[in-house]
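Student: Pasted the sequence and its predicted model underneath.
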Amino acid sequence: MIAVLGIPYDDASSYLKGPALAPSAIRQMESEGSSNQLSENGTAIRSDHAYTDLGDVHFKQRDPQSIFETIRDHVATALTTNEKILVFGGDHSVSYPVVDAVRQKYSNLHILHFDAHADLYDIFDDNPYSHACPFARIMESGRIASLTQVGIRTLDHHQREQAKRFGVRQIEMKTFSTDYIKDLKGPLYISLDLDVLDPAHAPGLSHYEPGGVATRDLISMIQQITVPVIGADIVEYNPVRDINHMTAMVAYKLFKELIAKMISF
């Protein structure tokens, strides 16, 4: 079974708060949205049928180390009785503890990261746990087989150097191609920051970065993956900035396609 876990946390956001409200807003689309509960390949994506919803993580302490340990431990526990996991963030900082738990179950883990930003800062705003830093923390462990980042369009010199340091493959929007898909390896974890999308397709974002991918193209990329996907997160949806639940529906659609892909292997 696939576990679904909400992580309503945005303390590590550097610009706007709001992603902590995302898990409940995305779930709401299953019962109150305009779509049905089918993926495009016809798979029924229903709770207790395709996945088990474990609810949300709750935090007793708010310091970054305690947050990390709480998320990691919840994910590790979920993976003792479930083969795979999908997480609703939250800001992108939650990916670090989630991946830390997943890689303990799956060795030789590969990561596909959709985002406008590389999130490779060594430290940001004096916070090594910032949502701008998770992939620096993940990669410096030396326990990830590969990281492919897709949709990037905000690189500075530091993050380019970090990418070289960690051997990251980056598919920038200025030279975008889907050729990377054929080179993906499994087991694969997908980290999906919704701001990989152009803001025209997803207004409910904290960080508007024009020039991103279209929703149809993102769905198609997920559908074209031919290796086992064993985990995923959907992060950085900000309901505070959304318009008529438009981005919540996009997130729910992507959730269904990710679950369908995870089921297919």
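Tutor: Looks like it arrived, so ask away. Residues are numbered from 1 along each chain as shown.
Student: from here on, contacts and neighbour counts on C-alpha atoms
Tutor: OK.
Student: for this structure, what spans make up the strands?
Tutor: For the chain, the strands defined by DSSP state E cover 2-7, 51-56, 84-89, 109-114, 144-152, 169-172, 188-193, 229-235.
Student: tell me what the shortest one is packed against?
Tutor: Okay, so that is strand 169-172. strand 144-152 (3 or more CA pairs under 8 Å, 6 or more residues apart in numbering; DSSP states H and E).
Student: May I have the strands that pair with the strand it packs on, each with its orientation?
Tutor: strand 109-114 (parallel), strand 169-172 (parallel) (DSSP bridges).
Student: Need the contact partners of the first one.
Tutor: By CA atoms under 8 Å, 6 or more residues apart in numbering, the residues outside strand 109-114 that reach it are 103, 143-152, 185-194, 196.
Student: Going through these, which ones are buried?
Tutor: Buried by 16 or more other CA atoms under 10 Å: 103, 144-152, 185-194, 196, out of the contacts of strand 109-114.
Student: how about JSON lines for the strands of the chain, with distance to residue 163 and mean pLDDT added?
Tutor: Shown next, in JSON lines, are those (distance: least, CA to CA, whole Å; pLDDT from 0 to 100):
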{"stretch": "strand 2-7", "distance to residue 163": "27", "mean pLDDT": "98"}
{"stretch": "strand 51-56", "distance to residue 163": "33", "mean pLDDT": "97"}
{"stretch": "strand 84-89", "distance to residue 163": "24", "mean pLDDT": "98"}
{"stretch": "strand 109-114", "distance to residue 163": "13", "mean pLDDT": "98"}
{"stretch": "strand 144-152", "distance to residue 163": "9", "mean pLDDT": "98"}
{"stretch": "strand 169-172", "distance to residue 163": "8", "mean pLDDT": "98"}
{"stretch": "strand 188-193", "distance to residue 163": "17", "mean pLDDT": "98"}
{"stretch": "strand 229-235", "distance to residue 163": "21", "mean pLDDT": "98"}
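Student: Tabulate those (a markdown table), appending distance to residue 65.
Tutor: Shown next, in a markdown table, are the strands of the chain (distance: least, CA to CA, whole Å):
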| stretch | distance to residue 65 |
| --- | --- |
| strand 2-7 | 15 |
| strand 51-56 | 19 |
| strand 84-89 | 18 |
| strand 109-114 | 23 |
| strand 144-152 | 21 |
| strand 169-172 | 29 |
| strand 188-193 | 21 |
| strand 229-235 | 20 |
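Student: Ok, which of those comes nearest residue 210?
Tutor: Smallest distance to residue 210 across those (CA to CA): 11.1 Å, for strand 144-152.
Student: low-scoring stretches of the stretch 51-200 of the chain, by residue?
Tutor: For the stretch 51-200 of the chain, applying pLDDT under 70 flags no range at all.
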